[in-house]
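S.K.: Return atomic coordinates for the entry below.
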Amino acid sequence: MTPSPDPVGLYIHIPFCHARCGYCDFVTFTGKEDKIDQYVTDLCEEIRLYGEQTISTIFFGGGTPSVLEPRHLRKIFASIHRHFHVDPKAEITLEANPESITLEKARASIA
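M.R.: Prediction:
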């Protein structure tokens, strides 16, 4: 893989939430946790289509990305690292709600 000369930022939208906030205008779904596995699989396929770029920033937004399980985060990061050149100093951010973040999820987010 030949990385792109100019690094780009990667935004990963996770549209799942435990509750819908009144101020949120983003595409989000509540009560659809049964769709997360398929969403992550489809997301990884889309990552494959856009690969071969240098990534300087990875931002997980949503929704509430911290509703994902560590296995989902590991799968997404494996796909990103397989199909993109990630700058070793890349900034990685994952939006989280205090009730849905765990140490294990935080560790999976920097894998």
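
S.K.: sec struct for the residue lying closest to residue 91 once chain neighbours are set aside, please.
M.R.: Spatially, and ignoring its direct neighbours in sequence, residue 91 is nearest to residue 57 (4.9 Å; C-beta to C-beta, 6 or more residues apart in numbering). Any C-beta I mention is one placed from the backbone N, CA and C, and that applies to glycine too. Counting by DSSP: H, G, I helix; E, B strand; the rest coil, the backbone at residue 57 sits in strand.

S.K.: for residue 57, which residues make a bridge with it?
M.R.: For residue 57, the beta-bridge assignment (DSSP bridges) gives partners residue 9, residue 91.

S.K.: ok, now which ones touch it?
M.R.: 7, 9, 10, 90, 91, 92, 93 (C-beta atoms under 8 Å, 6 or more residues apart in numbering).

S.K.: Tell me how far it lies from residue 71.
M.R.: 24 Å (C-beta to C-beta, to the nearest Å).

S.K.: Quick check: bridge partners of the closest residue to residue 64 other than its chain neighbours?
M.R.: Leaving aside its sequence neighbours, residue 64 sits nearest to residue 17 (C-beta to C-beta, 6+ apart; 4.6 Å). On the basis of DSSP bridges, residue 17 is bridged to residue 30.

S.K.: Hmm, residue 17 is touching residue 61, no?
M.R.: No: look at residue 17 against residue 61 with C-beta atoms under 8 Å: they stay out of range, at 11.7 Å.

S.K.: So between those two, which is more surrounded?
M.R.: Neighbour totals were compared for residue 17 and residue 61, and residue 17 leads with 21 against 15 (other C-beta atoms under 10 Å).

S.K.: Which helix or strand contains residue 37?
M.R.: helix 36-49 (DSSP states H and E).
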